[in-house]
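Peer 1: got a predicted structure here, sequence first:
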Amino acid sequence: VDLVTDGEQRRDNFYSFVAEKLEGVGMMSLAEMLDVVEDKAGFERILQTLDVPAFSIRNPTCTGKIKRRLPLALDEYRFLRAHTDRPIKVPLPGPYILTRAMWVKEVSREFYPSKEDLGEDMVAILSEEARALRDAGADFIQFDEPVLTELVFTQGQTRTFMCAALAARKDPKEELEFAVGLINRVVENLGGVRTGVHVCRGN
């Protein structure tokens, strides 16, 4: 194995684990979200697609100004470094999936008037985390952005990636530009570490 990762075993899933590490983020069940969203019919269609009880899935939701309370993955890196001398890859949820999932208009707009406003703080948080991982010695940082294939291949017609579908623009080209802009700004002037984007949800 040339590049080692710890397999995200400490995380409840690949992106919601950040709720314990960020201020201003709470976990809402899909049933709770159904109570507050304006487009109840559209949200119910998403729930039908998922075919799971609405109380059993929880989404990280912006409920205040977000701030990095604890490092997101530095502890995972340090644990793994204590067990290998191989190069290490650390996966992080990307800025787009986090912004799109967390910004639930009816809950978040008191603190962030728009998804773009929340994206600004998400870029700052992930930039800080990436620099901390680089400085600790990480060799590769992977940003997970699973909904990018939906933007590219479905022309905005399918909205199935859990509640991350709520905050998508109607124009997939504009949304893709927004997503790529966030990622580029996270790694801007980073240097000293390899980075990549993992698109793991196919069409």
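Peer 2: Good, I have the coordinates.
Peer 1: residue 74 versus the residue located most distally from the centre of the chain, what's the distance?
Peer 2: Note on the chain: the largest separation between a C-alpha and the mean C-alpha position, by CA atoms, centre = their mean, falls on residue 85 (28.9 Å). Distance of residue 85 to residue 74, computed by CB to CB, to the nearest Å: 19 Å. Every residue, glycine included, has its C-beta placed from N, CA and C.
Peer 1: also residue 83?
Peer 2: Relative to residue 74, residue 83 is positioned 16 Å away (CB to CB).
Peer 1: the two: which is more packed in?
Peer 2: Applying other CB atoms under 10 Å to residue 83 and residue 74 shows that residue 74 carries more neighbours, namely 17 against 10.
Peer 1: do you know the pLDDT at the more buried one?
Peer 2: The per-residue pLDDT reported for residue 74 equals 96.
Peer 1: and the one 10 residues further on, by the same measure?
Peer 2: Per-residue pLDDT puts residue 84 at 95.
Peer 1: contacts only, for the nearest residue to it once chain neighbours are set aside.
Peer 2: The spatial neighbour of residue 84 that comes closest, neighbours along the chain excluded (CB to CB, 6 or more residues apart in numbering), is residue 4 at 5.2 Å. Residue 4 makes contacts with 80, 84, 86-89, as judged by CB atoms under 8 Å, 6 or more residues apart in numbering.
Peer 1: who's residue 4 bridged to?
Peer 2: Residues found in beta-bridge contact with residue 4 (criterion: DSSP bridges) are residue 88.
Peer 1: just to revisit the earlier point, highest neighbour count among the contacts of residue 4?
Peer 2: Neighbour tally across the contacts of residue 4 (other CB under 10 Å): the maximum, 23 neighbours, falls on residue 88.
Peer 1: which ones are touching that one?
Peer 2: If you count contacts by CB under 8 Å, 6+ apart, residue 88 has them with 3-5, 77, 80-81, 137-140.
Peer 1: are any of those residues buried, and which?
Peer 2: The neighbour count (16 or more other CB atoms under 10 Å) marks 4, 77, 80, 138-140 as buried among the contacts of residue 88.
Peer 1: which outside residues touch the host helix or strand of residue 65?
Peer 2: Residue 65 belongs to strand 58-68 when elements are defined using DSSP states H and E. Outside of strand 58-68, the residues within contact range by CB under 8 Å, 6+ apart are 15-16, 18-19, 21-30, 33, 98, 101-104, 107-108, 111-112, 118, 121-122, 125, 128-129, 162-163.
Peer 1: tell me the centre residue of the protein?
Peer 2: Central residue check for the chain by CA atoms, centre = their mean: the C-alpha nearest the mean position is that of residue 98, 2.8 Å away.
Peer 1: re earlier: partner strands of the strand holding residue 65 and their direction?
Peer 2: In the sheet containing strand 58-68, its partner strands are strand 22-29 (antiparallel), by DSSP bridges.
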